[in-house]
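J.: Curious how this folds, go ahead:
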Amino acid sequence: MKAVGLVINLKKKNVLEVAEKISQWFHQHRIKVYEYKDYFSNINCVSSDKSIKNFENLDLILVLGGDGTLLNTARSAAPHQIPILGVNMGYLGFLTEVDLENLFYSLERLVSGKYSLEERMMLHCELKRERCIIDSFLALNDIVVAKGPFSRMILFDTFVNEQYIDTFSADGIIVSTPTGSTAYSLSAGGPIVFPELELMLITPICPHTLYSRPMVIGPDNNIRIVLKSESEEIMITIDGQHGYKLRKQDEVIIKKSPLHTRLVRLNKKTFADILRNKLRESGGSNRG
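T.: Residues are numbered from 1 along each chain as shown. The predicted structure follows:
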C-alpha cells in the first residue's frame, strides 16, 4: 500500500485530532496521505500531501465520519473502484467497519493485508424531462421521490420493464439496494435484505391504499416512475444527500449500476451481528 485518501466529516467531535494521528501513523509506515476535497484542509501535518487529483493513484480511501460520510464518498470512489474503509465517528455504523478504540490495531491489519473486500450493488438513475435526459445519478442506498412537508400526496405511475404496475397515491416512493434496505426503506415498512444479494426494493411511502406493499425485483429489471402531480415541492433525492426538483410528467428511470462500492472488511462480524446490535441502538436508520 503506497497511497491513502483521507476523507473526514468536520462536524464530528475530535475528528481533527484523530485525523492528525492517522496521518502521522501512515507517514511512519511510509504511506502517503492525500487530502480529499476540503475535508482535510484545516489539518496542518507534515505527512499530508496535496489534494487528490487522480483517484486512480490511491490504494484506499479512509473515511472518518458516519455512514452518511461513507455514502458520499462511495459515489465518488465507485467509478475508480477504490476500496473504502469506514471509521465510525457517528451515531450508527451499518457501513463503517472500525470503531475508534480499535482504530490502530485495524490499520496494522490493513497494511499487513489481513482484510477482505465486500462489493455492494449500486443504482444508476436517469431523470428525463420532455424525452431528454437532463441528469443522471449514482446511489449506494436509495433513490427517493417524495413530496415536500406542506404539499399534498402525489400521484405517480410505476412501471417495471415497461409493464405497468400501478398508479400510487402516496407521500412518495423509495427504490433501494440491499444496502439501503436498513435505511429509509426500513422506516417505510420495507424488508431487511442481506447486502450480498443483488436486487431492488420498491417501497411506497405512506400509500393511501391498503393493498400497496413493498416489492422486490431482480437486478436486471428497469424501473420507471412517471410523476403525475404538479407541485414545486416534489423532489428526487439521492442517498438522502442530493436533491433535484421534479415537474409533472418527469420520468425517473432506475436500474442496477455496473459499478459497485468496495468496502474493506477487517473483522469477523456478520451482517446479522451488526443488524442485531445497531437496530437495538437506534431503531434502524443508516444515515449519519
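J.: only C-alpha atoms for contact and neighbour calcs from this point on.
T.: Fine.
J.: Where does pLDDT dip in the stretch 51-200 of the chain?
T.: The stretch 51-200 of the chain contains residues with pLDDT under 70 at 51-55, 90-92.
J.: can you map out the helices along it?
T.: Along the stretch 51-200 of the chain, counting by DSSP state H, counting those that start in this stretch, helices occupy 67-77, 103-111, 184-187.
J.: Adding mean neighbour count and distance to Ile31, write the ones you listed out as a markdown table.
T.: Output for those, formatted as a markdown table (neighbours: other C-alpha atoms under 10 Å; distance: least, C-alpha to C-alpha, whole Å):
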| stretch | mean neighbour count | distance to Ile31 |
| --- | --- | --- |
| helix 67-77 | 22 | 19 |
| helix 103-111 | 15 | 10 |
| helix 184-187 | 22 | 38 |
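J.: For Phe26, find the nearest of those.
T.: Phe26 lies closest to helix 103-111 among the helices of the stretch 51-200 of the chain, at 8.9 Å (C-alpha to C-alpha).
J.: so the closest residue to Lys248 other than its chain neighbours, which of the three states?
T.: Once flanking residues are discounted, Lys248 sits nearest to Glu230: 5.0 Å by C-alpha to C-alpha, 6 or more residues apart in numbering. Secondary structure for Glu230, judged by DSSP: H, G, I helix; E, B strand; the rest coil, is coil.
J.: quick one: pLDDT of Glu230?
T.: Note for Glu230: predicted pLDDT of 85.
J.: now it: how far from Gly148?
T.: Here the criterion is C-alpha to C-alpha, to the nearest Å. By it, Glu230 lies 12 Å from Gly148.
J.: about what we covered before: Lys256: which of the helices of the stretch 51-200 of the chain is closest?
T.: helix 67-77 (14.0 Å).
J.: and that closest one, C-alpha only, in PDB?
T.: Taking C-alpha atoms only, helix 67-77 is exported to PDB below (Å, rounded to 0.1, in the frame of the first residue of the first chain):
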ATOM      1  CA  ASP A  67     -22.400   6.200   7.300                       C
ATOM      2  CA  GLY A  68     -23.500   9.400   5.600                       C
ATOM      3  CA  THR A  69     -19.900  10.400   5.000                       C
ATOM      4  CA  LEU A  70     -19.200   7.000   3.600                       C
ATOM      5  CA  LEU A  71     -22.200   7.200   1.300                       C
ATOM      6  CA  ASN A  72     -21.000  10.500  -0.100                       C
ATOM      7  CA  THR A  73     -17.500   9.100  -0.600                       C
ATOM      8  CA  ALA A  74     -18.800   5.900  -2.300                       C
ATOM      9  CA  ARG A  75     -20.400   7.700  -5.200                       C
ATOM     10  CA  SER A  76     -17.000   9.400  -5.900                       C
ATOM     11  CA  ALA A  77     -14.900   6.200  -5.400                       C
END
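J.: Does anything pack onto that helix? Which helices or strands?
T.: In terms of contacts (3 or more C-alpha pairs under 8 Å, 6 or more residues apart in numbering; DSSP states H and E), helix 67-77 is packed against strand 60-65, strand 84-88, strand 251-265.
J.: what's the offset of that helix from the middle of its chain?
T.: Mean-position distance between helix 67-77 and its chain equals 6 Å (C-alpha atoms, centre = their mean, to the nearest Å).
J.: Let me know the angle separating it from strand 84-88.
T.: Here helix 67-77 runs at an angle of 170 degrees relative to strand 84-88 (axes from the mean of the first three to the mean of the last three C-alpha atoms, to 10 degrees).
J.: related to what we said a few turns ago, so the residue nearest to Lys248 touches Asp250, yeah?
T.: No: using C-alpha atoms under 8 Å, Glu230 makes no contact with Asp250, being 10.2 Å away.
J.: Those two - which one has more neighbours?
T.: Taking other C-alpha atoms under 10 Å, Glu230 and Asp250 do not tie; Asp250 has more neighbours (21 against 14).
J.: Nearest residue to the more buried one in space, please, no chain neighbours.
T.: Sequence neighbours aside, Arg129 is the residue nearest to Asp250 in space, at 5.0 Å (criterion: C-alpha to C-alpha, 6+ apart).
J.: And the one you found, how far from Arg213?
T.: Counting by C-alpha to C-alpha, the gap from Arg129 to Arg213 is 28 Å.
J.: try Asn161
T.: Applying C-alpha to C-alpha, the value for Asn161 to Arg213 is 19 Å.
J.: How about Phe159?
T.: Applying C-alpha to C-alpha to Phe159 and Arg213 gives a distance of 15 Å.
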